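Enquirer: Predicted coordinates and the sequence they were generated for:
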Amino acid sequence: MAIALSSITKSVRNRLPPRVVVHGPHGVGKSTLGASAYNPVFLPLEDGLSGLEVDAFPLLTSYPQVREALQVLRTSEHAFGTVVVDSLDWLEPLIQAETCARNKWTNIEAPGYGKGYAEAANDWREFLDLCNALRTERGMAVVLIAHSEIKRFEAPDTEAFERYQIKLQRSAAALVQEWADVIGFAQFETAIKKEAVGMNQRARGIATGRRLLHVTEKPAYVAKNRYGMADTLELSWSALIAAMNPPAAAQAA
């Protein structure tokens, strides 16, 4: 294709469905958010759908099964509008097992010097490419659910600190974070109440009952969005979509 000024077109905001990663602690409502998305179908990799009435493939126990399920959604006629993978940290050992089987390694660290994780990154790229195909070819939103872990972050411009991040090996997490349009950290809201204890004060955390989704990165957690959303939303699909698509008057302001 010849490159010329006439080949320039204006991109359309939110033209494609979103690629969303939601991480957080157990029981905060990550799967419930996926279940409330538009016509969702789940790829279950753990038994985390108890109490939810959703369409789902049988429990997937190998990466080839995950790949086949994504290909079925890509090539078959269906009315599903969102694919939900639950969860990434259960997908990780399946991907590593596939990488090891292909290379005849006893475990992912067998080749040494990070070579196993570098090879597994190719399978992660294939997985994310299949998710992209569902988005571009079938118009499906993609929701990837993950648990969080607290890890020390070595910042180049300040002292090291701990933060919540996606519970994946470092190179896999980097690929997922780069791929996503939205990374939300799901959390129970906590209010701090100070109490007098003798001559001192003691701070005590109190749950408010609200569940929040943080979509702008802070020192305490990994998050991001490409939509200019407010830092924190209610933990619900409707709130997320509304924040991605603000009213026309607000966009023009």
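Expert: Cool, the structure landed.
Enquirer: And for the nearest residue to Leu33 once chain neighbours are set aside, the neighbour number?
Expert: Nearest residue to Leu33 in three dimensions, chain neighbours excluded: Trp237, at 5.6 Å (C-beta to C-beta, 6 or more residues apart in numbering). Heads up, the C-betas are built off the backbone N, CA and C, glycines and all. By the measure other C-beta atoms under 10 Å, the count of residues near Trp237 is 20.
Enquirer: Trp237 and Ser31 touch, don't they?
Expert: No. If you go by C-beta atoms under 8 Å, Trp237 and Ser31 don't touch, sitting 11.7 Å apart.
Enquirer: now the strands for the stretch 1-150 of the chain?
Expert: Taking DSSP state E, counting those that start in this stretch, the strands of the stretch 1-150 of the chain run over residues 19-24, 40-44, 55-56, 82-86, 141-153.
Enquirer: Sheet partners, orientation included, of the longest one?
Expert: With DSSP bridges as the criterion, the sheet partners recorded for strand 141-153 are strand 19-24 (parallel), strand 82-86 (parallel), strand 161-166 (antiparallel).
Enquirer: what does stretch 73-85 contact?
Expert: Stretch 73-85 has contacts (C-beta atoms under 8 Å, 6 or more residues apart in numbering) with 17, 31, 34-35, 37-43, 45, 54-55, 66, 70, 91, 130-131, 133-134, 137-145.
Enquirer: Can you turn the buried part of those into a PyMOL selection?
Expert: A single PyMOL command selects the buried members of the contacts of stretch 73-85 (16 or more other C-beta atoms under 10 Å):
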select buried, resi 17+31+34+35+37+40+41+42+43+45+54+66+70+91+130+131+133+134+138+140+141+142+143+144+145
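Enquirer: In the lengthiest helix in the chain, which residues are buried?
Expert: When the chain is parsed with DSSP state H, its longest helix is helix 115-138. Neighbour counts over helix 115-138 (16+ other C-beta under 10 Å) mark 116-117, 119-121, 123-124, 127-128, 130-131, 133-135, 138 as buried.
Enquirer: Output it as PDB, nothing but the C-alphas.
Expert: Output in PDB follows, covering the C-alpha atoms of helix 115-138 (Å, rounded to 0.1, in the frame of the first residue of the first chain):
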ATOM      1  CA  LYS A 115      14.800 -19.000  29.000                       C
ATOM      2  CA  GLY A 116      11.700 -21.000  30.000                       C
ATOM      3  CA  TYR A 117       9.700 -17.900  30.800                       C
ATOM      4  CA  ALA A 118      10.900 -16.300  27.600                       C
ATOM      5  CA  GLU A 119       9.600 -19.300  25.700                       C
ATOM      6  CA  ALA A 120       6.300 -19.300  27.600                       C
ATOM      7  CA  ALA A 121       5.800 -15.700  26.600                       C
ATOM      8  CA  ASN A 122       5.200 -16.900  23.000                       C
ATOM      9  CA  ASP A 123       2.300 -18.900  24.200                       C
ATOM     10  CA  TRP A 124       1.000 -15.900  26.200                       C
ATOM     11  CA  ARG A 125       1.200 -13.900  23.000                       C
ATOM     12  CA  GLU A 126      -0.800 -16.500  21.100                       C
ATOM     13  CA  PHE A 127      -3.400 -16.400  23.800                       C
ATOM     14  CA  LEU A 128      -3.700 -12.600  23.700                       C
ATOM     15  CA  ASP A 129      -3.700 -12.700  19.900                       C
ATOM     16  CA  LEU A 130      -6.700 -15.100  20.000                       C
ATOM     17  CA  CYS A 131      -8.500 -12.700  22.400                       C
ATOM     18  CA  ASN A 132      -7.700  -9.900  20.000                       C
ATOM     19  CA  ALA A 133      -9.300 -11.900  17.100                       C
ATOM     20  CA  LEU A 134     -12.500 -12.300  19.100                       C
ATOM     21  CA  ARG A 135     -12.600  -8.500  19.600                       C
ATOM     22  CA  THR A 136     -11.800  -7.500  16.000                       C
ATOM     23  CA  GLU A 137     -13.500 -10.300  14.000                       C
ATOM     24  CA  ARG A 138     -16.500 -11.100  16.300                       C
END
